[in-house]
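Visitor: Build me a structure from this.
(chains A and B, ligands or ions: 4)
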Amino acid sequence: MPAPAQRRIVFRHIDEPGYTSDLACYVRHGGYEMLKKAVGMPPPAIVDEVKRSGLRGRGGAGFPCGVKWTLLDRKSGKPIYLIVNADESEPGTFKDRSIIHQDPHQLIEAMMISSWANNVKQAYIYIRGEFPQGARILERAIAEARAANFCGPNILGTNYGCEVYVHRGAGAYICGEETGLIESLEGKRPYPRIKPPYFPAVLGLYQCPTIVNNVETLCHVKHILEIGGDAFALIGAPNNTGTRILCVSGHVRKPGSYEFEVGKITLGELLNDVCGGPLPGRKFKAVIPGGSSAKVLKFGETFTLKNKDGSTRTLTVEDIPMDFDTMAACGTMGGSGGVIVMDDSVNMVEALANINAFYAHESCGQCTPCREGSLWMKKITARMVHGTARAGDGALLKSVADQIAGRTICAFGEACAWPAQSFVQKFGDEFKAYPETKKAAKPAGALELV
Amino acid sequence: MIAPPKPDLITVNVDGREIAVPKGTNVIEAARLVGVDVPHYCYHPKLSVSGNCRMCLIEIGMPAVDPVSRTPFPVAASGMPRINWMPRPQIGCATNVAPGMHIRTNSPLIKDCREGVMEFLLINHPLDCPICDQAGECKLQEQSTGYGRGYSRFIEQKNVKPKRTPLGPRVTLDDERCILCSRCIRFCKEIVKDDVLGFTDRGSYSTLSCFPGRALANNYSLNTVDICPVGALTSTDFRFKMRVWFLKQTNSIDAESSVGANTVVWSREGVIYRITPRRNDEVNDTWLPDSARELYKAIHASDRLVAVKVNGTDSALEFAVGAATGLFRSSAGAIAVVGSGRSSVEEQFLTRKLADALEAPTHLVSRVGQGDEILISADRNPNVRGALVVGLIQALPKTRVAGDATPSSRLTNGDVGVAAPVRTGGLTELAAQIDAGRIKAVVSLGEDLAAAGLTATQLAKISIVYLGTHANATSAVAKVAVPTLTVFEKSGTFVNQQFRLQKFSRAVPGPVGATDDLVVLAKLVAAATGTKIADEIGPLWSVLATEVPALRTVTVANLPATGLLLDGTPWAVLPFAEGATLHYKPAAEPAAAGALKS
Ligand SMILES: Cc1cc2nc3c(=O)[nH]c(=O)nc-3n(C[C@H](O)[C@H](O)[C@H](O)COP(=O)(O)O)c2cc1C
Ligand code: SF4
Ligand code: SF4
Ligand code: FES
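Guide: Ligands and ions are numbered 1, 2, ... in the order given. All right, here's what the predicted structure looks like:
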């Protein structure tokens, strides 16, 4: 059976020949019509559409967007802020960048609709420091939109106004975590806040109620308004509605970002049919399906899941539909949509060493388990690869990770623990055998730099 | 079952025990109330909650409720409510108790959490306890004994960080020992409002430092050393001087202003090594100015008086008392007594007794500086209210106008941040009496009359009996000079700005040649009246209790460590000099402002 075709909604014009990032092109393609529609609607009606759409966050946690908006403290009398999370720093994820670079007005229109819906007067785009070009494009697009009354004061002639600011990060992964982001936006170190009490919906930016949404999540809001929440809910799978962008990287023939209805394509179809399968002469070995924080899946393993009627079904890795719930049931997550593929040329110890190095470098250092554990894990895998590996190192790694997950201030704790836990759990033999693997790779008597 | 809780109390269950705790209590404090220790590092009762060390993880459960009726589901067998335990451990410091909450502090999961955090804190720790000043009072040491695994699984290289960074004039940082709890940062920001500390770098390489171009130089910097749970922040003064377990601890009071911050004096074999705060939630919380910690250095000052002098030549106490008595007789009717707001309540009482016997008018030297709105008040005398309570004075001494300020060096060392000068005065009336020839002899209780405004000519016109600790212009010209003791060498009480009676105790013996002020005063009173009077705190207090109305119900032996609030209403109308400090609000601002100007 051939793989289902892409359904490009957010990505409709991405990579389209002749499509440019300027306002004129956007308006030519029907841009800002939905904002016009929105300002004619009572704000709660828009929130309601988003709620009915079932849209779930595309930033990592998959939290229902409409629910997030209803949790906002609207009675405090404080201003409400909207923050677009454009930090896109989860390894393996490269979708928000395309939207920002090629279709910035889509984001701005979606932001303005969301701001209108939630009575937001100031909105921020927090963009990672490594996207200087993206920041420039956004600044230009905002200026254009402002000149055309699509943002700024008196939007579309109404007496509603909302300013948009671009804020560039300074190059830290933790600024993607929403409360770390808020601290950074306030000009402080991005130390994630403790929750409770600092839930952004109540005590967010400057201790005011704040919405933080991912770029892709917000873009969907525009399309929800276009087709209606109920119609949107029919796209994809129940409770996993709409489309989402999957970013495939690693050992496939055609890596790239693809937009599909959520849950309508399996991992096997994605990798084999859409991405052209493994490289010549290679075999798939492992895949991380939702950004480097997600637990790894091992080709060949199977999952027995419960059906609604109580019966069970067994899935191989290739069978897993790419939706939030099934991924979670298989012990991993849809996460940020970053699908990282590894084939049989990869040694899993070395792959984990790479991931560990990233997390040790990016831990903000605020809380003990993550701060110390992430570096310890890095030191262990670095030693295994570059020094003396011990057969017991795998077990030690898992034990360290177990001491982190579930005990930290923010979800970075899980993000750095899950790779180690799952790599060791699923590829334990490779960790045990690594001392021998290394010896074999470097035969006795080989010349050494001394 | 316990009695039904009062309205502001809620019932929670800690490790199976039901207790009633005040609303708004966090789990660490709630558990403390039943004697359950929830180990913690970053939590400090007087600072905001940062929740970063993760040592205080506990399990939390709430009674399951029927979603329809909102009533608890009882478990069939026991009738007790079924508890829904949260899947993840929570931090006790940031979790406030809720009615019916169940808390587990000793489950296998929590044991594992603590072992994990301890292991993490130790892997990059230098483990240099043998040369660390904190050893013996280190939370990391204590909790690794109590909650650690006892063996190491870490075979990697430890991180290396700077070992001796001066953060300011009094604090030295050993970064390798820092567990990044952020207490010191929060203290500077929240209590002193001098936000100079922060972390640089990230992850396990995070390093505490001062902002570029700034220094941790405020007059509260040493509090960071107190609250640092490990040996990262050390007192540059105390560093490497003494093992804390050799030191004797004596409760005392900061005598540099009327705040009366509670202190502990740490000494060994008659030598004081350091002074630290003693917690009193009504006075100083857990803080103490740096300047208060340096006061003991005056003990060994080169200008310390150690010899009794009569007419400038060495003498003995009995002769001195005799000489003073002779003077009292020859100057009868022309004697004045200058009491001190630095004397203890007991000393002030005997001073009054002496003045009564001599029928001498009494004066008090005022010391007014700038309050810092934390723990140093504008009134730099620790015990002016004591003088009011025992009746030594009826009104407040007048402060001299700002123009002729006499900066007093010892108590307000500019080096320790209290730069504003202190104006010493209150003797204008006495000066006029001397000029008029009505006063010929003055007894001064440690006060330098010259510093307080008397001119050399005025001093030359009178005969002086001086009791004091340090040499000054007055002791130099005194007819009779008797060396007495500092606050560290004797016991007594002060009444602070809140009218709180607080006790200080003798930490070290005085120098040879100096006599307890009470003993000298009692001898003078006895000589003047012909009847003996008690010269020790205990017996003296039975006299105080009968003769001083405000102290009628007080027994000094039972004085709580945190002091006892006296009824200050008889003096409420007086224009006290103090503005607001940490736990003090002046009765009425205009009165205080008036006092400063007059
Ligand atoms: C360590 C960490 C890093 C994160 N990085 C990002 C990121 O780069 N971009 C993003 O959109 N969300 C990121 N998130 C998720 C955000 O915290 C937040 O859940 C998200 O922005 C919410 O938006 P959504 O509901 O639209 O997904 C991160 C979370 C964690 C714990
Ligand atoms: S879990 Fe890691 S990243 Fe998150 S607050 Fe703690 S140290 Fe920082
Ligand atoms: S120096 Fe001490 S108080 Fe400051 S963060 Fe480090 S351990 Fe905490
Ligand atoms: S005491 Fe540090 S996290 Fe609670």
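Visitor: Report the contact partners of B:S505.
Guide: By CB atoms under 8 Å, 6 or more residues apart in numbering or on different chains, the contact list for B:S505 reads B:T250, B:N251, B:S252, B:S491. (C-beta placed from N, C-alpha, C; glycine too.)
Visitor: Now the first one: phi and psi?
Guide: Comment: the main-chain dihedrals of B:T250 come out as phi -130, psi 130, following degrees, to the nearest 10.
Visitor: now do the third one
Guide: Comment: the main-chain dihedrals of B:S252 come out as phi -150, psi -170, following degrees, to the nearest 10.
Visitor: Can you give me the pLDDT of it?
Guide: B:S252 carries a pLDDT value of 98.
Visitor: if we can go back for a sec, mind giving me TSV with the contacts of B:S505 and columns for neighbour count and distance to B:A460?
Guide: Formatted as TSV, these follow (neighbours: other CB atoms under 10 Å in any protein chain shown; distance: CB to CB, whole Å):
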residue	neighbour count	distance to B:A460
B:T250	19	42
B:N251	16	43
B:S252	26	38
B:S491	22	37
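Visitor: hang on, B:V508 is in a strand, isn't it?
Guide: No. Counting by DSSP: H, G, I helix; E, B strand; the rest coil, B:V508 falls outside a strand, being coil.
Visitor: what sits against it?
Guide: Applying CB under 8 Å, 6+ apart, we find B:V508 in contact with B:V265, B:S267, B:G270, B:V271, B:I272, B:I299, B:F488, B:E489.
Visitor: Dump those to TSV, plus secondary structure, neighbour count and pLDDT.
Guide: Output for these, formatted as TSV (DSSP: H, G, I helix; E, B strand; the rest coil; neighbours: other CB atoms under 10 Å in any protein chain shown; pLDDT from 0 to 100):
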residue	secondary structure	neighbour count	pLDDT
B:V265	strand	27	98
B:S267	strand	21	98
B:G270	coil	13	96
B:V271	strand	15	97
B:I272	strand	22	98
B:I299	helix	20	95
B:F488	coil	24	98
B:E489	coil	21	98
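Visitor: Just the closest of those residues to A:M111, please.
Guide: Nearest to A:M111 among the contacts of B:V508: B:V265, at 62.6 Å, using CB to CB.
Visitor: May I have the beta-bridge partners of the closest one?
Guide: For B:V265, the beta-bridge partners under DSSP bridges are B:T250, B:I275.
Visitor: now that we're looking at it, how far away is chain A from it?
Guide: Using CB to the nearest CB, to the nearest Å, B:V265 is found at 35 Å from chain A.
Visitor: these two touch, right, that residue and B:T486?
Guide: No. With contact defined as CB atoms under 8 Å, B:V265 does not count as touching B:T486 (10.9 Å).
Visitor: Can you pull the residues that touch both of these two?
Guide: Joint contacts of B:V265 and B:T486 (CB under 8 Å, 6+ apart) are B:Y296.
Visitor: How about the closest residue to ligand 2 within the stretch 151-300 of chain A: what's its closest non-neighbour residue?
Guide: Of all residues in the stretch 151-300 of chain A, A:P192 sits closest to ligand 2, at 4.2 Å by CB to the nearest ligand atom. In space, and not counting its chain neighbours, A:P192 is closest to A:C410: 3.7 Å by CB to CB, 6 or more residues apart in numbering or on different chains.
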